[in-house]
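In: Would you be able to build a 3D model of this:
(chains A and B)
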Amino acid sequence: MLIFTLRRLNLFIFTMLALTLLSFSLSFLFPGDSIINISGAINATPSQLIEIQKAYQTDDNIFWQYIAYLKHIIQGELGISMASQSEISTEILNLLPATIELSLVALFIAMFFGIPLGFIAAIKHNKPADNIILSVSMVGYSIPVFWLGLLAILIFSINLGWLPSAGQISLLFEIKLITGIQFIDILLSDSPYKWQAFSDATLHIILPACVIAVAPATIFIRLARTSMIEVLGTNYIRAASAKGLTFQQIIFRHAIRNSLIKIIRHVGLQFANLVTIAMVTEVIFSWPGIGRWLIESIYQRDYTAIQSGLLVLSCFIFIVHILTDFIYAALNPLARGSKYGS
Amino acid sequence: MARDKIYLEEIFPSPFMQLWQIFRKTPVAMLGFSCFIFLITLAIFGPILAPYSPIEGQLDMLLLPPAWHLDGNVSHLLGTDELGRDMLSRLMYGTSLTFGLSFIVVIISLVIGVLIGSISALTSGLKSSILNHSLDVILSIPSLLLAIIIVAILGPGISNTVWAVVMVLIPQFIHITRYAVKEESRKDYVLASRLDGASPFRVLHYSIFPNIVDRIMSQATLAQSAAILDIATLGFLGLGAQIPLPEWGATLANGLDLFYIAPWTVYLPGLAILFAVVATNLVGEGIRHALKLRKER
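Out: So this is what the prediction gives:
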């Protein structure tokens, strides 16, 4: 496990360096002056500009400039937004939890529906049920997410009027920002209308989370189906049925546990996919998350915000990636061995 | 009596032909394939076949619903949008933009990716390890996010979108080619041709490529469906094709304001995207299914 941890740590540091290098080079690739791109100070007076230049060591060669940039990042200084002139780090800290909340809920919905359906498809392998589930998953995988979001709004918000179509919570409720994750904040607040607010927030999250969950759910169906088929073909399942276990016992005691492990391995990779879908969905549902903020800063040509937004979002995705790797290794002793390319 | 064949000749079809023979027998895959061919034809000849101009509107024909609707007009089969532009013509022109461009994008990135991938498979040691790690980093960033960033650098526009999606897809092709070439080089027939004194490039060209072309094609269909969705999503977000262009995603975003009055301006382009992606995925599924069957033989 120690060697595994060291390997992961090595990969983590390497990736973080690569990502910071990418976002550092972005400041040169974007149009305009690199020092203004990196700090976001478009209205700086000449004397302030000299100070900023000193802080980022622009007189030194490119290597020391990069080191200076790294120092700023480690201290949590991501510069100020070109559009709003406020600190990007505080903006991101306010917005990122909303995205985390939405994507986690979507991930759970996707796993909750996707994995059992995949298992059913595998158990009924090559029967009508399997074919129906597979064709539905193919369509779900192919639907453009923005279109699905619009249709969902049209049907469930406009025509049926069941669910709200925009925002995180109704504006009537005043919830203080503590953790940024709406549900925890509501529970922490001492408002008399706590439970109304809670149910309102739940209603708001259902539609966007379900829209995001469709594509990952279909991928989970496929993953669950392949891993279950694989597990059902192994010798230990055959041994178990030879011993006289009923089919249900085999499935619930042996097959599900072993095939779940194989799925967990892919959750990290799917999460990256899910966050991208969440970015587009946030735009449609006006969800106050980092994806919408990032796309809006592209409209406004806010290069400092794009640069830091990319850095934070990809760090977040990568951290989740590493975390699922650890969970997988903790659950499955076979994965801890050294493997090529890991 | 004339006999065409004197000797009973055994024919070994190439791996690609074997694949095609299995593929041909799967009806669903063939359905997807014919839809795919239809879309390609439409992408090439759409601008000639389209009845109206996709950009110029007719001001007396605003927001006409599709022909099957009570208020519809059969001269505009799929209705018109808020500027009186014929939806059918816009969708036909859009085929060459969304589907045609995504096809070109996949071919460009396939060629570049396969070249780099096969060269990198021949190298080993530090260079290969650095490449491996960099690929891991790039592949861990979602493709759409990367495309959005590249468009942010280059600026919005359809040509920049194309380059962004090309750059996003290249690493996937490098990865799959590299892996496939490495796996194939360990096999005995490659060793045999190497013992015959074939140079690495000869081995690549005559021994390895015919055997991995199916896997690359399967990846190409995945890339194509991703490319269609990426181009359309960028168009929808206003970062891809700009206003008058009838790209499917942009057309859909254009209809957004009138969504409740004229829902067909939104659901028709969406259906077009769905149709293109499903056709592509069916072909991909067919190839993967055929690959699996061939392996089991």
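In: Closest residue of the stretch 101-250 of chain B to chain A?
Out: Closest contact between the stretch 101-250 of chain B and chain A, by CB to the nearest CB, is at B:Pro142 (3.8 Å). Bear in mind the C-beta positions are built from the backbone N, C-alpha and C, glycine included.
In: what about B:Pro171, how many residues close to it?
Out: If you count neighbours by other CB atoms under 10 Å in any protein chain shown, B:Pro171 ends up with 22.
In: do A:Asp33 as well
Out: The burial count assigned to A:Asp33 is 14, neighbours taken as other CB under 10 Å.
In: circling back: please identify the helix or strand for the residue nearest to the residue of the stretch 101-250 of chain B closest to chain A when sequence neighbours are not counted.
Out: Nearest residue to B:Pro142 in three dimensions, chain neighbours excluded: A:Thr276, at 3.8 Å (CB to CB, 6 or more residues apart in numbering or on different chains). A:Thr276 is part of helix A:256-284, with elements assigned from DSSP states H and E.
In: Show me what that helix is packed against.
Out: In terms of contacts (3 or more CB pairs under 8 Å, 6 or more residues apart in numbering or on different chains; DSSP states H and E), helix A:256-284 is packed against helix A:88-123, helix A:145-152, helix A:194-232, helix A:290-299, helix A:303-331, helix B:143-154.
In: Tell me what angle the first one forms with helix A:194-232.
Out: Looking back up the chat, that one is helix A:88-123. On the basis of axes from the mean of the first three to the mean of the last three CA atoms, to 10 degrees, helix A:88-123 is oriented at 50 degrees to helix A:194-232.
In: Tell me which helix or strand comes right after helix A:88-123.
Out: Next in sequence after helix A:88-123, counting helices and strands by DSSP H and E, comes helix A:128-142.
In: Next: the shortest one.
Out: For helix A:145-152, the succeeding helix or strand toward the C-terminus, using DSSP H and E, is helix A:182-188.
In: Quick check: which ranges of the chain have low pLDDT?
Out: In the absence of a named chain, this looks at chain A. A:170-172, A:174-177, A:180, A:335-342 (pLDDT under 70).
In: could you do chain B instead?
Out: B:1-9, B:133, B:140.
In: sorry, back to before: take the helices and strands packed on helix A:256-284 and lay them out in a markdown table including mean neighbour count and distance to A:Leu188.
Out: Shown next, in a markdown table, are the helices and strands packed on helix A:256-284 (neighbours: other CB atoms under 10 Å in any protein chain shown; distance: least, CB to CB, whole Å):
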| stretch | mean neighbour count | distance to A:Leu188 |
| --- | --- | --- |
| helix A:88-123 | 20 | 13 |
| helix A:145-152 | 22 | 30 |
| helix A:194-232 | 21 | 10 |
| helix A:290-299 | 21 | 22 |
| helix A:303-331 | 20 | 23 |
| helix B:143-154 | 22 | 32 |
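In: right, and these - which one's nearest B:Gly32?
Out: Within the helices and strands packed on helix A:256-284, the stretch nearest B:Gly32 is helix A:194-232; the backing value is 16.9 Å (CB to CB).
In: got the contact list for the residue positioned nearest the centre of chain A?
Out: In chain A, the residue lying closest to the centroid (CA atoms, centre = their mean) is A:Val275, at 3.6 Å. Neighbour list for A:Val275: A:Thr99, A:Ser103, A:Gly291, A:Leu313, A:Phe316, A:Ile317, B:Pro142, B:Leu145 [criterion: CB atoms under 8 Å, 6 or more residues apart in numbering or on different chains].
In: which of those lies closest to A:Ala213?
Out: Distance ranking of the contacts of A:Val275 against A:Ala213, using CB to CB, places A:Ser103 first at 9.7 Å.
In: Go ahead and confirm the closest one touches A:Ala278.
Out: Yes: using CB atoms under 8 Å as the test, A:Ser103 is close enough to A:Ala278 to be in contact (4.9 Å).
In: check which helix or strand covers the residue sitting nearest the centre point of chain B.
Out: In chain B, the residue lying closest to the centroid (CA atoms, centre = their mean) is B:Gln224, at 2.2 Å. In this assignment (DSSP H and E), B:Gln224 forms part of helix B:209-236.
In: Could you point out the helix or strand that follows that helix?
Out: Heading C-terminal from helix B:209-236, the first helix or strand you meet, by DSSP H and E, is helix B:248-254.
In: what residues does the stretch 1-150 of chain B put near chain A?
Out: Within the stretch 1-150 of chain B, the positions adjacent to chain A are B:132-134, B:136-137, B:140-145, B:148-149 by CB under 8 Å from any CB of the partner chain.
In: residue contacts, the residue nearest to B:Ser14 when sequence neighbours are not counted?
Out: Excluding its sequence neighbours, the residue lying closest to B:Ser14 (CB to CB, 6+ apart) is B:Pro210, at 5.9 Å. For B:Pro210, the contact set (CB under 8 Å, 6+ apart) comprises B:Ser14, B:Pro15, B:Phe16.
In: Name the nearest residue to B:Leu49, ignoring sequence neighbours.
Out: B:Met92 (6.4 Å).
In: Is the one you found in contact with B:Ala43, as I believe?
Out: No: shown here, B:Met92 and B:Ala43 do not form a contact pair, counting by CB under 8 Å, at 9.1 Å.
In: Show the contacting residues for the residue nearest to the centre of chain B.
Out: B:Ser102, B:Phe103, B:Val106, B:Thr280, B:Gly284.
In: Equivalent analysis for B:Pro269, please.
Out: By CB under 8 Å, 6+ apart, the contact list for B:Pro269 reads A:Trp147, B:Leu91, B:Gly94, B:Trp248, B:Gly249, B:Thr251, B:Leu252, B:Gly255.
In: Just the residues contacting stretch B:121-131, thanks.
Out: Stretch B:121-131 is contacted from outside by B:Ser120, B:Ile174, B:Thr177, B:Arg178, B:Val181, B:Lys182, B:Ser185, B:Pro200, B:Leu204, using CB under 8 Å, 6+ apart.
In: Just the terminal-to-terminal distance for it.
Out: Across stretch B:121-131, the terminal residues are separated by 10 Å (CA to CA, to the nearest Å).
In: If we go by neighbour counts, what in it is buried?
Out: Within stretch B:121-131, the residues scored as buried using 16 or more other CB atoms under 10 Å in any protein chain shown are B:Ala121, B:Leu131.
In: Which element is encountered next along the chain beyond the helix or strand harbouring B:Ser120?
Out: In this assignment (DSSP H and E), B:Ser120 forms part of helix B:101-122. Scanning forward in sequence from helix B:101-122 by DSSP H and E, the next helix or strand is helix B:126-140.
In: Determine the number of other residues adjacent to A:Pro192.
Out: Using other CB under 10 Å, A:Pro192 has 8 other residues around it.
In: is it true that it lies in a helix?
Out: No: using DSSP: H, G, I helix; E, B strand; the rest coil, the assignment for A:Pro192 is coil, not a helix.
In: how far away is it from A:His72?
Out: 44 Å (CB to CB, to the nearest Å).
In: same check, this time on A:Ala239
Out: On the measure of CB to CB, A:Ala239 and A:His72 end up 60 Å apart.
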